[in-house]
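1. Below are the sequence and a predicted model for it; my questions follow.
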Amino acid sequence: MDTRVTALVVAHRDVEHLRRTLDALDAQTRRADAVVAIAFDASDEVRQLFEERHVDRLVTTREQLTFGGALAEGERTLDDPRGDDDFLWLLAQDNAPREDALGLLLARFETAPSAAVAGPKLVDWNDDSRLRGIGETVTTRGTTVPFVEDQLDQGQYDTLSDVLAVGSPGMLVRRTVWRDVGGFDPALGPIDDGLDFCIRARLTGKRVVLAPGAVVAVSGDGIAGAPRSRRWRVKQRRARLARTAELHRRLVYAPRVWMVLHWLLLVPLAIVRSVGLLIRKQPELIAAEFRAAAWVAFGGTRVVTARRRLAAAKEVGWSSLANLKMSGRELARRKRLEREDGVPIGSVERGDLRFFTGGGAWIILAALVVGGILFVKFVPASTLAGGGLLPLSGDVRELWQNIGYGWRSVGDGFVGAADPFAVVLALMGTLTFWHPSSAIVILWILALPFAALTGWFAATRLTERSGYRNLAAIAWTLSPTFLIALAEGRPAAVIAHILLPLLFSAGVVASRSWGAAAAASLLLALVAACAPSLVPALLVLWLVALVASRARFGRVLFIPAPLIALFGPLVWQQGVEGGRWFALLADPGKPLASPDVTVTDLLLGLPQSGYGGWQETASDLGLASLWVTNGVPVLVGLVALVGLVGLFLPGARRGIGLWAIAALGFATAVVDTHIAVTFVGAEATTVWPGTALSLVWLGLVGAAVSACDSLRTRGWIPAIVAGVAVAVVAAPAVLMVPLGHGAVTSSDGRTLPAYVTAAAADEPGLGTLRITPGDDGAIVATVIRGDGEFLDRQSTLVNTGSLLADENGDLAQLTGNIVSVSGHAFAPDLQKQGIEFVLLAPTPDSASDEAKAVAARAETALDANDELENVGVTDVGTLWRTADAVDGREPGDVRSAGTVLSLAALILMTLIALLVAIPTTSSREAARMSPRTVGSRYAREGMVVRDVPDDHGFLADPDAEAEPEWADVVSLPGVDPVSEVPSSEPEDTADREEDARE
């Protein structure tokens with residue numbers, strides 16, 4: 001019987017691809033006997049082209065069909081097959097066969113008469129030397145494994161013969177088999193439709209063979225075969241279709257009993273796989289995962305119909321396919337080889353960081369020594385006090401209980417949102433779980449090396465030159481606002497200053513990868529928790545990055561997610577319900593008065609008057625004030641001048657961005673000095689501008705380093721000048737603590753007398769009324785519950801007056817009765833409020849006469865009252881207790897949907913960010929293939945040639961993305977530096993000599 005071939009050509013809208021395919025059909029040495037065109041939801045141009053080519057039949061439909069569905073429409077118009085020599089050639093609009101393709105496919109059936117399907121070699125549409133497909137198989141668990149997706153065609157697969165399956169593009173199939181197995185499964189397409197058809201054909205006892213000599217060019221339009229576009233929407237669709245096909249085939253192929261189990265596990269598996277997608281830096285595919293599971297679970301793919309179709313045609317058992325499947329061990333071996341060999345020939349990668357050899361480690365060591373000398377007196381301390389410092393709760397469980405939304409043991413107690421800073425303190429306290437308050441001591445002792453380390457790493461985004469990185473580390477560590485925060489005891493500001501460089505380092509490359517974006521999201525939340533006043537400026541920078549990221553905006557868009565989850569409860573209670581939006585900017589922790597500063601001080605990067613301590617130092621040294629008023633601005637101006645020079649050098653765009661950061665920080669500092677939302681006693685104080693000045697310092701130091709990097713070896717003179725200027729300006733601030741000018745002292749961790757803490761051990765709700773005389777003659781009364789005040793229990797809701805500790809005025813009236821000889825019986829009021837102790841705070845020698853008079857009057861009244869017993873004088877004041885025992889207040893219990901939802905959102909966002917931020921092998925490899933610096937004048941500086949064997953393939957994972965390589969921190973001493981890739985711009989001899997030295 002004569003061989004008859006009917007070509008089925010399916011087209012949608014791409015007329016240019018279709019024209020080339022039809023031309024290729026006409027050019028065949030063995031032409032098809034008939035051409036049936038199927039145009040689904042096609043454009044007028046496509047239909048017109050088919051009519052011009054005079055195809056034998058044209059089937060049109062307005063429906064959106066899969067490749068298999070369109071083929072079924074076309075095949076239905078044909079007469080019944082005359083025998084096994086009647087073939088269907090399956091082509092899509094972007095499947096252009098080489099002129100001898102059909103002849104070679106038919107010849108393959110002559111050598112393999114038992115074959116039902118023959119498949120061609122698929123090559124790239126624009127480059128026929130690149131393989132795009134040649135046969136498929138599945139693992140023992142049913143996962144699709146293509147033999148090749150993107151490789152150079154060197155004839156390495158030309159010896160393949162029998163395979164489990166071939167792709168649908170260009171497939172030649174016997175019509176009798178097509179009818180017997182029911183064609184392509186309409187639930188599949190364009191992914192796995194050919195695979196499923198070939199498996200069903202093999203279960204009829206037929207073979208599936210390859211014809212490697214027959215070549216078909218494919219473009220990846222997504223009609224036959226997976227769409228290959230890298231666009232986000234196409235990537236989503238490809239992932240959804242692939243997962244839908246895999247789940248559908250699993251249910252269709254499984255035995256009846258196992259099918260029920262597989263169906264029940266569809267959604268749970270989607271959850272588990274979503275975690276894997278987060279780790280693999282593909283969170284954008286999670287939605288596709290759940291859509292596929294839901295679609296298959298609720299009958300969208302018609303599993304029952306597919307199982308009947310399979311059972312009707314099946315003649316041999318599944319064991320007949322066992323030898324054609326790929327074992328798990330073989331799959332693991334292939335992936336391992338891809339990881340080892342997945343480097344492009346002649347590729348480049350990042351050079352070493354030179355942390356040790358470049359001097360970075362010595363800078364950190366020097367900062368550690370200086371920090372040890374400055375804070376050596378704190379080494380034996382169990383905790384620190386003074387300024388804004390308080391001990392942390394003594395148990396890690398209590399630390400974590402003080403986060404989120406719930407009962408707050410402040411004053412009379414209330415239900416409300418905790419400050420986000422409580423999360424930071426809980427994390428720190430967990431690190432020293434045996435004694436949480438030790439975390440604050442360690443922070444103070446290691447603050448300088450921590451700042452130097454983060455500053456050094458931030459500089460790696462700006463320069464490959466070790467000297468300039470060291471300059472950045474020194475300048476960042478000697479920032480006056482950082483040193484003043486250490487001296488004044490401002491823990492939130494200290495932590496924010498240490499974390500800001502890490503946020504910069506991750507943020508500037510957030511659009512490159514999900515890993516960097518996730519790291520930036522966590523750091524943004526932590527920095528905002530420590531410095532809420534920086535949130536507006538940071539959000540402005542995020543919006544700029546969002547616009548600049550263009551097609552990768554999804555990664556940058558995710559960055560504020562943990563921040564929103566962390567601040568959500570407080571924003572709702574403080575802003576939405578209370579209408580006190582500016583109160584959200586209040587400094588967290590213990591309220592601390594902010595000194596008066598001028599715009600000049602802020603321009604100099606100083607959060608206090610006195611020129612960073614130089615005014616007092618000059619007075620002690622007998623220097624004229626003129627030296628200070630002129631000298632400090634000149635020194636700061638030198639640093640700024642170095643940064644301004646970079647605006648007139650190549651790579652000025654990076655300098656503009658850094659100066660924009662500095663400008664945002666300065667604007668924030670100015671605004672902070674006008675926002676008085678926190679109460680220290682009865683007086684309102686402004687937001688401390690120091691954290692905003694840390695942002696100024698980040699932009700200023702970054703601009704200076706960027707300018708020096710643009711000057712290359714000629715930048716060493718301005719670098720030295722800037723470094724010396726910073727050191728001179730910071731000198732008085734460095735010496736504040738060792739000279740005794742700081743507020744920080746060692747402490748035993750008690751904020752109440754030991755007598756009170758002993759009583760509170762059995763009665764945690766017991767209250768102590770602390771009375772503090774003010775300099776203006778007023779009295780500040782505070783109720784402290786339990787065993788004292790703790791940093792993690794502080795609340796800006798109370799400190800900003802949003803929730804009054806004495807809403808009804810009962811405490812004020814009670815305090816007035818206690819400190820005056822009125823004869824009024826107040827024991828019932830104390831019993832009502834659960835207060836057993838009265839503590840009169842000591843009056844320092846520097847206090848005003850009004851404060852001393854008030855203290856003396858209060859002490860006399862307390863001693864004269866029969867309802868109180870004088871316990872004695874303690875380190876924290878004079879203590880009285882009630883004559884009768886008092887029952888402490890029971891802590892409130894809040895269990896609401898809001899509590900659960902807010903905590904769940906915070907945990908979920910944190911886990912997602914952590915999972916995405918975890919580096920993987922492929923992401924670290926991709927990171928090494930991208931420049932470490934951003935906006936550099938020399939795009940490939942720091943990149944080195946990797947030696948690779950001649951037989952290396954192309955990247956195994958084309959979707960791998962660059963991200964921070966957390967393990968790429970050090971290079972071993974003594975390792976010879978590798979040569980750099982020549983820059984696209986010429987370098988002079990001095991530059992090359994400097995590169996060799998580094």
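-> Cool, the structure landed.

2. element containing the closest residue to V370 other than its chain neighbours?
-> For V370, ignoring the flanking residues on the chain, the nearest one in space by C-beta to C-beta, 6 or more residues apart in numbering is L448 at 5.8 Å. The C-beta positions use only the backbone N, C-alpha and C, and glycine is treated the same way. Taking DSSP states H and E as the criterion, L448 maps to helix 447-459.

3. try I363
-> Applying DSSP H and E, one finds I363 within helix 360-374.

4. from the middle of its chain, how far away would the next helix or strand after that helix be?
-> Next along the chain after helix 360-374, taking DSSP H and E as the criterion, comes strand 383-385. Once both centres are worked out by C-alpha atoms, centre = their mean, to the nearest Å, strand 383-385 turns out to sit 33 Å from its chain's centre.

5. Please name the strands paired to strand 383-385 in the sheet, noting orientation.
-> Strand 383-385 has its sheet partners listed here by DSSP bridges as strand 745-747 (antiparallel).

6. same for whatever helix or strand comes next after the strand it pairs with, what does it pack against?
-> Per DSSP H and E, the first helix or strand lying C-terminal to strand 745-747 is helix 754-762. The helices and strands touching helix 754-762, judged by 3 or more C-beta pairs under 8 Å, 6 or more residues apart in numbering; DSSP states H and E, are strand 835-840, strand 868-874, strand 877-882.

7. what angle separates the very next helix or strand once past helix 754-762 from strand 877-882?
-> Later in the chain than helix 754-762, the nearest helix or strand by DSSP H and E is strand 767-773. Our comparison of strand 767-773 with strand 877-882, counting by axes from the mean of the first three to the mean of the last three C-alpha atoms, to 10 degrees, yields an angle of 140 degrees.

8. Give me the packing partners of strand 767-773, helices and strands only.
-> Contacts defined by 3+ C-beta pairs under 8 Å, 6+ apart place strand 767-773 against strand 779-785, helix 810-818, strand 835-840, helix 849-864.

9. now the shortest one: how far from the chain's centre is it?
-> With C-alpha atoms, centre = their mean as the basis, strand 835-840 stands 48 Å off its chain's centre.

10. mind listing what G690 touches?
-> Shown in contact with G690 (C-beta atoms under 8 Å, 6 or more residues apart in numbering): 481, 484-485, 490, 493, 607.

11. of all those, which comes closest to L522?
-> A493 (19.5 Å; C-beta to C-beta).

12. For whatever helix or strand that closest one lives in, buried residues please.
-> For A493, the host element (DSSP H and E) is helix 491-507. Buried residues in helix 491-507, counting neighbours by 16 or more other C-beta atoms under 10 Å, are found at 491-507.

13. hang on, the earlier thing: can I get the contacts of G690 in a markdown table including distance to R334 and pLDDT?
-> Output for these, formatted as a markdown table (distance: C-beta to C-beta, whole Å; pLDDT from 0 to 100):
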| residue | distance to R334 | pLDDT |
| --- | --- | --- |
| T481 | 55 | 95 |
| I484 | 59 | 95 |
| A485 | 55 | 96 |
| R490 | 56 | 96 |
| A493 | 53 | 97 |
| P607 | 59 | 94 |
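
14. would D884 count as being in a strand?
-> No - under DSSP: H, G, I helix; E, B strand; the rest coil, D884 falls outside any strand and is assigned coil.

15. how far away is it from S382?
-> Distance of D884 to S382, given as C-beta to C-beta, to the nearest Å: 35 Å.

16. Show me which of those two is the more surrounded one.
-> Per other C-beta atoms under 10 Å, whichever of D884 and S382 has more neighbours is S382, with 14 against 11.

17. list the helices and strands the lengthiest strand in the chain packs on?
-> Once the chain is assigned using DSSP state E, the strand that runs over the most residues is strand 207-218. Strand 207-218 sits against strand 95-97, helix 101-111, strand 115-124, helix 193-202, with contacts defined as 3+ C-beta pairs under 8 Å, 6+ apart.

18. and the next helix-or-strand element following that strand, how far out from the chain's middle?
-> Toward the C-terminal end, the helix or strand that comes next after strand 207-218 (DSSP H and E) is helix 232-253. Averaging C-alpha positions (C-alpha atoms, centre = their mean) puts helix 232-253 27 Å from its chain's average.

19. Equivalent analysis for stretch 776-785, please.
-> Relative to its chain's centre, stretch 776-785 lies at 44 Å (C-alpha atoms, centre = their mean).

20. same question for that stretch, mean pLDDT?
-> Throughout stretch 776-785, pLDDT has a mean value of 82.

21. just stretch 883-890 next, same as before
-> On average, stretch 883-890 scores 78.

22. List the buried residues for that stretch?
-> Neighbour counts over stretch 883-890 (16+ other C-beta under 10 Å) mark 886, 888-889 as buried.

23. Would you agree the residue nearest to V370 is in contact with V369?
-> No - checked against C-beta atoms under 8 Å, the pair L448 and V369 is beyond contact range at 9.1 Å.

24. These two: which is more packed in?
-> Neighbours per residue, other C-beta under 10 Å: of L448 and V369, the larger number sits with L448, 27 against 12.

25. How about the contacts made by that one?
-> L448 sits next to 367-368, 370-371, 374, 477 when contact means C-beta under 8 Å, 6+ apart.

26. can you redo those residues as TSV with distance to R770?
-> As requested, the contacts of L448 are exported to TSV (distance: C-beta to C-beta, whole Å):
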residue	distance to R770
A367	39
L368	39
V370	38
G371	34
L374	32
T477	38
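
27. Now the residues you listed in TSV, please, with extra columns for pLDDT and neighbour count.
-> TSV is the format used below for the contacts of L448 (pLDDT from 0 to 100; neighbours: other C-beta atoms under 10 Å):
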residue	pLDDT	neighbour count
A367	96	24
L368	96	17
V370	95	16
G371	94	21
L374	93	22
T477	97	30
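
28. Closest one to D863 out of the residues you listed, please.
-> Among the contacts of L448, and counting by C-beta to C-beta, the member closest to D863 is L374, at 43.8 Å.

29. Quick check: that closest one touching V734?
-> Yes - contact criterion C-beta under 8 Å: L374 and V734 qualify, at 7.0 Å.

30. what's the burial count for T29?
-> 11.

31. Are we agreed that it is in a strand?
-> No - counting by three-state DSSP, one finds T29 to be coil, located in no strand.

32. Work out for me the element the residue most central in space within the chain sits within.
-> Residue closest to the average C-alpha location in the chain (C-alpha atoms, centre = their mean): A518, at 0.7 Å. Secondary structure assigned from DSSP H and E places A518 in helix 514-530.

33. Show me what that helix is packed up against.
-> Helix 514-530 sits against helix 421-431, helix 491-507, helix 535-549, helix 553-558, helix 561-570, helix 897-917, with contacts defined as 3+ C-beta pairs under 8 Å, 6+ apart.

34. per-residue confidence at the nearest residue to V163 once chain neighbours are set aside?
-> Spatial nearest neighbour of V163, excluding adjacent residues (C-beta to C-beta, 6+ apart): G135 at 3.9 Å. G135 carries a pLDDT value of 91.

35. distance of G135 from L195?
-> Distance of G135 to L195, computed by C-beta to C-beta: 10 Å.

36. how about the closest residue to A452 other than its chain neighbours, what does it touch?
-> Closest residue to A452 apart from its sequence neighbours, by C-beta to C-beta, 6+ apart: A367 at 4.0 Å. Taking C-beta under 8 Å, 6+ apart as the definition of contact, the neighbours of A367 are 448-449, 451-452, 473, 477.

37. quick one, strands of the stretch 51-200 of the chain?
-> 57-61, 86-92, 95-97, 115-124, 130-133, 136-138, 144-146, 151-152, 172-174 (DSSP state E, counting those that start in this stretch).
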